[in-house]
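Colleague: got a predicted structure here, sequence first:
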Amino acid sequence: MPLSRDASEALRAEVVGTVTEEPEALTRFASDASHLVQLPAAAVAPRDRDDVQRLVVWARRWRVPLVSRGGGSSLDGESVPPPGGVVVDFSGWDAIVELVDGDRWVRVGPGVINRELHRTLASHGLFFPPNPGSWTTSTIGGNTATNASGPRSFRYGSTRAWVRGLEVVLGTGELLHVGHRTRKASTGPDLLGFLVGSEGTLGLFTEVCLALAPVPERRIGLVLPVPEDLSFRATIPRLLASPAPAFSAIEYLDRATAAALNRFASGRLPEESALLLLELESARADEDRDLERVARRLVDSGFSGDPVVYPDADQLWTLRGQSGDAIEGEGVRIHEDVAVPWSRLDELFEGTRALAARHDVPVRLFGHLGDGNLHPGFVLDPLSDRAHAVRRDLVLLTKRLGGTLSAEHGVGSLKARYLALEHGEVGVSVLEAIKRRFDPDGILNPGKLYPPPGVALGTGAS
């Protein structure tokens, strides 16, 4: 669905940045890390904030949907455009605008890559804690839009905990600054909270201010086999019993995923069983003592054998971050993201495996064990009726266990029909009212996050 000649001419007259309309050049904007594909009508790389405002004014006039995009790593279709939509390409907005070491915050463009920010900050003795599996390609704007997490979210929390402020262009074309550079503020409801995790449906982020943390002297990665009869419900409280070792990540890989990673990325992970992956933060002088404490705690928790040690834990997380690609190369097409309280983890594992058996679908399991966050991957056609049934049953299982239908991937278009299960119909109506103020014409990322028309809320049935 190309733009009309008049709309195209008006767009090129309105914005200063690059406008792309050639179908071949647009293919790179047609998909993300989900299975969804839709060629946009155009892509715009705006030059500056004023350009973004002019673009939004143009989109309102011509009733053209706008979809912001960074690294294209979203897993639920957040950055896939609707038919006739225009992609707003922020990948070139990769400047470190301002870094204040003493106050531990940084202002960045939304296109800054997570891992590149990590490397830049290291020379200042600081880091941005959320490290999603896609950290080598995902952008800070995308991390903020989906409230991304990662292995270190166990200790440090998700992106939401680290965003201090946003500069954002609303669907009205208005410019809004939200947040504070102070460590705390109490000036009414948190407007910043509305925007973090909003998936581009409320505004286009043009700048992000992030809080930072000091880099630990040592980060050590440990990999251990998981005993077959291990109860996660009992194990995690034992691992964290006071005084707990300074774990910043507690991860899980099933045997098949570990083997796939070894083949895909030349890893050196054991393949005899499922694996527990840990990150220990320590002062250099305390490293030996802390490792001894960890070893004792692991034995007390039912683990045995010597761990595989990664002296630089970042190497382990870069490997672990390729899990999705590794299992997709072996047939997995549905990448899910659910979480439950620790006390229900065993039921989530058992229920997911039973669900896969009931639908006769192979499943791979990995995730952020310390957060109760599991990423089941199912081997089946993602567009099939069976795929919809598998996703529905997983969501319903998770909600029965007191969990959430999305812990870190977001909602996108793939889970929008289940939003009322999370918030209730009154909650959804409040979210829709917020959407109408931020984006009265519904031009910002339509079809994402909010339930589509004609869907029975909470059931997944249309």
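Modeller: Ah, there it is. Residues are numbered from 1 along each chain as shown.

Colleague: distance check, P245 against S282.
Modeller: For P245, the distance to S282 equals 9 Å [C-beta to C-beta, to the nearest Å]. In short, each C-beta sits where N, CA and C put it, glycine included.

Colleague: what sits in contact with each of those two?
Modeller: By C-beta atoms under 8 Å, 6 or more residues apart in numbering, P245 and S282 have these common neighbours: D290.

Colleague: quick one: end-to-end distance for stretch 353-366.
Modeller: Start-to-end span of stretch 353-366 (C-alpha to C-alpha, to the nearest Å) is 13 Å.

Colleague: next, count neighbours for the nearest residue to S134 once chain neighbours are set aside.
Modeller: Excluding the flanking residues, the one nearest S134 by C-beta to C-beta, 6 or more residues apart in numbering is S73, at 3.9 Å. A count of nearby residues for S73, using other C-beta atoms under 10 Å, gives 24.

Colleague: so S73 sits in a helix?
Modeller: No. S73: not assigned to a helix; according to DSSP: H, G, I helix; E, B strand; the rest coil it is coil.

Colleague: test my guess that it contacts G141.
Modeller: No. In this structure S73 lies outside contact range of G141 using C-beta atoms under 8 Å: 11.5 Å.

Colleague: mind listing what the residue nearest the centre of the chain touches?
Modeller: The residue lying closest to the centre of the chain (C-alpha atoms, centre = their mean) is A148, at 3.4 Å. Contacts here follow C-beta under 8 Å, 6+ apart; on that basis A148 touches P130, P132, S134, S138, G142, S158, T159, E408.

Colleague: so it versus P452, what's the distance?
Modeller: Separation of A148 from P452 (C-beta to C-beta): 24 Å.

Colleague: hang on, the earlier thing: report the secondary structure state of the residue nearest to the centre of the chain.
Modeller: coil.

Colleague: over to I220?
Modeller: Classification of I220 using three-state DSSP returns strand.

Colleague: which residue, other than its chain neighbours, is closest to it?
Modeller: Spatial nearest neighbour of I220, chain neighbours left out: L280 (4.8 Å); criterion: C-beta to C-beta, 6+ apart.

Colleague: please look at the one you found and L222 and confirm they touch.
Modeller: Yes. If you go by C-beta under 8 Å, L280 and L222 touch, sitting 6.6 Å apart.

Colleague: restrict stretch 286-297 to CA atoms and write it as PDB.
Modeller: C-alpha atoms of stretch 286-297 as PDB (Å, rounded to 0.1, in the frame of the first residue of the first chain):
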ATOM      1  CA  ASP A 286      37.000 -11.100  48.100                       C
ATOM      2  CA  GLU A 287      36.700 -13.300  45.000                       C
ATOM      3  CA  ASP A 288      38.100 -16.500  46.500                       C
ATOM      4  CA  ARG A 289      36.000 -16.200  49.700                       C
ATOM      5  CA  ASP A 290      32.800 -15.400  47.700                       C
ATOM      6  CA  LEU A 291      33.400 -18.400  45.400                       C
ATOM      7  CA  GLU A 292      33.700 -20.700  48.400                       C
ATOM      8  CA  ARG A 293      30.500 -19.400  49.800                       C
ATOM      9  CA  VAL A 294      28.800 -20.000  46.500                       C
ATOM     10  CA  ALA A 295      30.100 -23.500  46.300                       C
ATOM     11  CA  ARG A 296      28.800 -24.300  49.800                       C
ATOM     12  CA  ARG A 297      25.400 -22.800  49.000                       C
END
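
Colleague: now do the buried residues in it.
Modeller: Across stretch 286-297, burial judged by 16 or more other C-beta atoms under 10 Å covers D290, L291, R293, V294, R297.

Colleague: which one of these is nearest E199?
Modeller: E199 has its nearest neighbour among the buried residues of stretch 286-297 in V294, at 37.9 Å by C-beta to C-beta.

Colleague: in a helix, that closest one, correct?
Modeller: Yes. Assessed by three-state DSSP, V294 belongs to a helix.

Colleague: settle this for me: it is touching L280, isn't it.
Modeller: Yes. If you go by C-beta under 8 Å, V294 and L280 touch, sitting 5.9 Å apart.

Colleague: what touches both of these two?
Modeller: Counting by C-beta under 8 Å, 6+ apart, the residues touching both V294 and L280 are L222, P245.

Colleague: longest helix of the protein, counting residues only.
Modeller: helix 419-438 (DSSP state H).

Colleague: okay, buried residues for that helix please.
Modeller: For helix 419-438, the neighbour count (16+ other C-beta under 10 Å) marks L419, A420, L421, E422, V428, L431, K435, F438 as buried.

Colleague: got it, and stretch 73-89?
Modeller: 73-82, 84-89.

Colleague: so this structure: which segments form each domain?
Modeller: As assigned by automatic domain parsing, the chain contains the domains 5-89, 96-214, 218-323, 331-400, 416-462.

Colleague: could I get those domains as TSV with mean pLDDT?
Modeller: Shown next, in TSV, are those (pLDDT from 0 to 100):
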stretch	mean pLDDT
domain 5-89	97
domain 96-214	96
domain 218-323	92
domain 331-400	96
domain 416-462	85
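
Colleague: SS state for the nearest residue to L383 once chain neighbours are set aside?
Modeller: Leaving aside its chain neighbours, L383 sits nearest to H35 (7.0 Å; criterion: C-beta to C-beta, 6+ apart). With three-state DSSP as the basis, H35 sits in coil.

Colleague: now do the one 5 residues further on
Modeller: What three-state DSSP gives for P40 is coil.

Colleague: and it, how many neighbours?
Modeller: Around P40 there are 30 residues (other C-beta under 10 Å).

Colleague: that one and F29 touch, don't they?
Modeller: Yes. Counting by C-beta under 8 Å, F29 is a contact partner of P40 at 5.3 Å.

Colleague: shared neighbours, those two?
Modeller: By C-beta under 8 Å, 6+ apart, the residues touching both P40 and F29 are P81, V87.

Colleague: any chance of the buried residues of stretch 286-297 in a markdown table, plus distance to D6?
Modeller: Below are the buried residues of stretch 286-297 laid out as a markdown table (distance: C-beta to C-beta, whole Å):
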| residue | distance to D6 |
| --- | --- |
| D290 | 67 |
| L291 | 68 |
| R293 | 70 |
| V294 | 66 |
| R297 | 68 |
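
Colleague: nearest to A256, of those?
Modeller: For the buried residues of stretch 286-297, the closest approach to A256 (C-beta to C-beta) belongs to V294, at 26.8 Å.
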